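[1] Coordinates for the following, if possible.
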Amino acid sequence: MLRVEGLKKVFRSGESDLVLFENLSFDVKRGEMLAIVGESGAGKSTLLHILSALDRASAGDVYCAHLRLNSLSHDEAANFRNRETGFVWQFHYLLPEFTAAENVAMPLLLRGQTWQQVEPEASRWLREVGLEQRAHHRSGELSGGEQQRVALARALITGPKLLLADEPTGDLDGQTAEAVFALIARLHREHQLTSLIATHNLSFARRCHRVLRLQRGRMEEIPPESLPG
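    Just a heads-up that it's a prediction; the model follows:
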């Protein structure tokens with residue numbers, strides 16, 4: 001599903017270059033749920049941005065859905081994101097002036113589909129995340145956990161095969177975080193997703209199929225069972 005070869009990311013810092021990471025190579029098989037762990041600033045978010053064509057690597061290649069991401073034009077990258085990937089952030093980024101249903105439908109509306117066309121699909125996805133009764137509430141009327149569930153439905157309404165989640169439970173209390181992670185795991189199974197989750201929560205990472213640790217610019221695979229439960 002995903003192949004990463006010799007990935008490197010360099011940022012310009014004043015008069016010098018800051019190498020965030022280099023020579024990252026790994027594969028992700030279709031259907032895997034993979035956790036990416038590491039300290040803050042290790043480059044987990046940047047790596048997810050590159051894997052979803054939101055950013056470009058300084059060197060190396062990423063292959064996904066038969067595409068070489070570094071070779072995509074701006075418009076091709078936008079089309080790849082809209083059709084092949086779903087992204088969930090630590091913060092939900094819901095549009096406050098729109099209802100939950102309208103937020104979920106937004107990726108399809110941006111394709112030029114009408115509200116009449118997309119409303120049934122938005123309702124179906126709100127039902128998938130347990131929020132069908134909150135369809136007409138605006139984001140400010142939802143709890144943090146509900147907002148993240150709406151964001152998850154929005155990420156998946158386009159039918160992507162690849163889900164990328166950047167600290168999706170980082171802003172939630174323990175009980176709510178557990179519920180959101182359990183929901184992600186269920187949707188991963190039921191919709192046969194390939195999921196990459198950057199997380200500080202080692203208990204959640206332990207429940208993934210594989211764990212990659214990003215540390216001091218290098219990546220190593222570690223057994224999930226070696227993490228605290």
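[2] Distance check, the residue nearest the centre of the chain against Glu132.
    In the chain, the centroid-proximal residue (CA atoms, centre = their mean) is Leu164; its distance is 2.1 Å. Distance, Leu164 to Glu132, using CB to CB, to the nearest Å: 25 Å. No exception for glycine: its C-beta is placed from N, CA and C like everyone else's.
[3] again, but for Trp89
    23 Å.
[4] Point out where the protein drops to low pLDDT.
    The chain contains no residues with pLDDT under 70.
[5] hey, where'd the strands end up in it?
    Remark: strands assigned in the chain by DSSP state E are 2-13, 16-28, 33-37, 59-64, 67-68, 85-88, 162-166, 194-198, 210-215, 218-222.
[6] Save those as CSV, and put in distance to Val118 too.
    Putting the strands of the chain into CSV (distance: least, CB to CB, whole Å) gives the following:
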stretch, distance to Val118
strand 2-13, 28
strand 16-28, 30
strand 33-37, 28
strand 59-64, 26
strand 67-68, 26
strand 85-88, 16
strand 162-166, 20
strand 194-198, 24
strand 210-215, 35
strand 218-222, 39
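[7] what about those, which gets the closest to Glu146?
    Proximity to Glu146 (CB to CB) singles out strand 85-88 among these, at 13.9 Å.
[8] tell me what the closest one is packed against?
    The contact analysis (3 or more CB pairs under 8 Å, 6 or more residues apart in numbering; DSSP states H and E) places strand 85-88 against helix 144-156, strand 162-166.
[9] Let me see the contact set for the closest residue to Arg56 other than its chain neighbours.
    Leaving aside its chain neighbours, Arg56 sits nearest to Asn70 (6.1 Å; criterion: CB to CB, 6 or more residues apart in numbering). Contacts for Asn70 were tallied using CB atoms under 8 Å, 6 or more residues apart in numbering; they are 56-57, 60-62.
[10] rerun at 10 Å
    Shown in contact with Asn70 (CB atoms under 10 Å, 6 or more residues apart in numbering): 7, 50, 53, 56-63, 77.
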